[in-house]
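Engineer: Below is the sequence, then the predicted model.
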Amino acid sequence: MFKKIITAAASAVVVAGVLLAAPANATGVTLNGGGSSFAAGAINACAAAYTTNTVNYTTSSSGTGRASYQNSTFNFAASDGTYAGTETFTGSNGTHYVTVPLLGGPVVFAYSAIGVNDGLKLTPQIVSDIFKGNITRWDDAALKTLNPKVKLPKKAIKVALRTSGSGTTANLTNYLSQTVGGWTANSKDLKAAAGGSFAPINSEFANSQLLAAYVEDNANVFGYFDLSDAVTADVGIAALQNAAGAFVMPTASAAAKFIGAQTPSTSTAENLNGTLVINFTKVVPGAYQLSIVTYGIAPKFTGVGKSTNESKLAVQDFFNYVVKTCIPAKAASLGYVALGGALKTSALNQIKLIG
């Protein structure tokens, strides 16, 4: 049933994509941004539908997006994590920037195990063991015990992961650190975060779209990426055990429950207000536990009065459009979560600081 639902959603996305690909007759200034491939489906859809200015979004990784903003290649970046203290600004954008929550969504564990449909049950421990190479076969006893009615192939598991720099990976390592232990939290390098032991058969990919394509095109692969790419690929989607003990499919509504239960930061640090320090062990009934937030990074106005910089004000306008209009309208069909409550309030307050 879940596959039928997400296939219908995927068809809607394809139709929407065809419509949005038409010229939007945008006027005003041209903005260049990029970064997160996790959020690419949503941001590209919003950029295509936005008519006030022209927005070009380059899909890469959160780390690449932040670096390109740092050196002023981009007017804005999209990142699934915040800047680290070791990241040094070298361009004209300077260190005065705003971090704006834009949208949320679930990180999907996807697979192409032969003969296995959607809904394979996974626990955080099993996920950890697959990545660390403690579970190397689909017919491992732990998977068979958890999924007694599933005919698992007697084949080796091929692990697909993101290359270093991925914000999705940083959230995954944080999740595994909190729920299982033995992982370096917030590491953007999954192999390094595993602490010396990793799956013997593995392949790395620069963005979520390439990783999803590899899982789709090769048998018996296990990987992770956003729901938007999962619903358009012919892959199996796992049900992940949450902190309440339930096995939950990665839907937009289940992710919204988890994100909505987190508390936005009220830090006085100018760059961190509104961000989430996610508690991946929080018990939220019905929630999909591995759900994350993508942030927009943009210049903060530090002058007197009001900003008159057209490009920076255009970023402000685009972010307002994303948070207020585009994502609330398109999130569910695209596999993402619109912000609500205190998180949306924080986002709108942060947007006002751009200029």
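Structural biologist: Structure's in. What do you need?

Engineer: Contact partners for the closest residue to residue 133 other than its chain neighbours?
Structural biologist: Using CB to CB, 6 or more residues apart in numbering and skipping the chain neighbours, the partner closest in space to residue 133 is residue 199 (4.6 Å). In short, each C-beta sits where N, CA and C put it, glycine included. By CB atoms under 8 Å, 6 or more residues apart in numbering, residue 199 lies in contact with 130-133, 136, 157, 159.

Engineer: which of those residues has the most neighbours?
Structural biologist: Counting neighbours by other CB atoms under 10 Å, residue 131 leads the contacts of residue 199 with 26 neighbours.

Engineer: Which strand or helix spans it?
Structural biologist: Applying DSSP states H and E as the criterion places residue 131 in helix 124-132.

Engineer: hmm, back to that, closest to residue 239 out of the contacts of residue 199?
Structural biologist: Nearest to residue 239 among those is residue 130, at 15.1 Å by CB to CB.

Engineer: low-confidence ranges in the stretch 51-200 of the chain?
Structural biologist: Within the stretch 51-200 of the chain, no stretch has pLDDT under 70.

Engineer: buried residues in the longest strand along the chain?
Structural biologist: If each strand of the chain is counted by residues according to DSSP state E, the longest one is strand 97-111. Residues of strand 97-111 classed as buried: 97-111 (neighbour count, 16 or more other CB atoms under 10 Å).

Engineer: The helix or strand just after that strand: partners in the sheet, and parallel or antiparallel?
Structural biologist: Once the chain leaves strand 97-111, the next helix or strand it forms, by DSSP H and E, is strand 121-122. Taking DSSP bridges as the criterion, strand 121-122 forms sheet pairs with strand 239-241 (parallel).

Engineer: after the strand it pairs with comes which helix or strand?
Structural biologist: strand 247-248.

Engineer: just checking, what packs against that following strand?
Structural biologist: strand 239-241 (3 or more CB pairs under 8 Å, 6 or more residues apart in numbering; DSSP states H and E).

Engineer: leaving aside the residues next to it on the chain, what's closest to residue 137?
Structural biologist: residue 156 is the one closest to residue 137 (CB to CB, 6+ apart), at 5.7 Å.

Engineer: what about that neighbour, how many neighbours?
Structural biologist: 14.

Engineer: pretty sure it is touching residue 136, no?
Structural biologist: Yes - the pair residue 156 / residue 136 is scored as a contact, 6.0 Å apart, by CB atoms under 8 Å.

Engineer: pLDDT weak spots in the stretch 251-355 of the chain?
Structural biologist: Using pLDDT under 70, the stretch 251-355 of the chain drops low at 268-271.

Engineer: Now with 80, please.
Structural biologist: 267-274 (pLDDT under 80).

Engineer: before we move on, back to that, how near is the residue nearest to residue 137 to residue 217?
Structural biologist: Distance, residue 156 to residue 217, using CB to CB, to the nearest Å: 17 Å.

Engineer: Could you do residue 121 as well?
Structural biologist: In terms of CB to CB, residue 121 sits 25 Å off from residue 217.

Engineer: The residue nearest to residue 265 when sequence neighbours are not counted: what's it in contact with?
Structural biologist: Spatial nearest neighbour of residue 265, chain neighbours left out: residue 275 (5.0 Å); criterion: CB to CB, 6+ apart. Applying CB under 8 Å, 6+ apart to residue 275 gives the contacts 82, 99, 101, 264-265, 267, 293, 295.

Engineer: Max pairwise distance over those residues: which two?
Structural biologist: Every pair of the contacts of residue 275 checked by CB to CB; the farthest is 267 and 293, at 15.3 Å.

Engineer: Compare the two (neighbour count), which wins?
Structural biologist: A side-by-side neighbour count of residue 267 and residue 293, using other CB under 10 Å, places residue 293 first with 26 against 12.

Engineer: Tell me who's in contact with the more buried one.
Structural biologist: Counting by CB under 8 Å, 6+ apart, residue 293 has contacts 80, 101-104, 259, 275-276, 278, 343.

Engineer: Next, it: secondary structure please.
Structural biologist: Of the three states, residue 293 takes strand under DSSP: H, G, I helix; E, B strand; the rest coil.

Engineer: Going forward, count from 136.
Structural biologist: Renumbered: residue one is now 136, and that last one reads residue 428.

Engineer: Could you point out the bridge partners of it in the sheet?
Structural biologist: As assigned using DSSP bridges, the partners bridged with residue 428 are residue 239.

Engineer: do the same with residue 399
Structural biologist: Here residue 399, judged by DSSP bridges, has bridge partners residue 411.

Engineer: Neighbours of it, how many?
Structural biologist: 23.

Engineer: Roughly how far does it sit from residue 482?
Structural biologist: Taking CB to CB, one finds residue 399 at 9 Å from residue 482.

Engineer: before we move on, the earlier item: quick one: the residue nearest to residue 400 from residue 296, how far?
Structural biologist: 25 Å.

Engineer: Find the centremost residue of the chain, please.
Structural biologist: The residue lying closest to the centre of the chain (CA atoms, centre = their mean) is residue 173, at 3.8 Å.

Engineer: isn't there a helix covering that one?
Structural biologist: No - counting by three-state DSSP, residue 173 is not part of a helix but coil.

Engineer: Now do the helices in this structure.
Structural biologist: 137-155, 175-184, 197-205, 259-267, 276-281, 302-314, 325-328, 343-352, 362-367, 387-395, 445-456, 462-469, 476-486 (DSSP state H).
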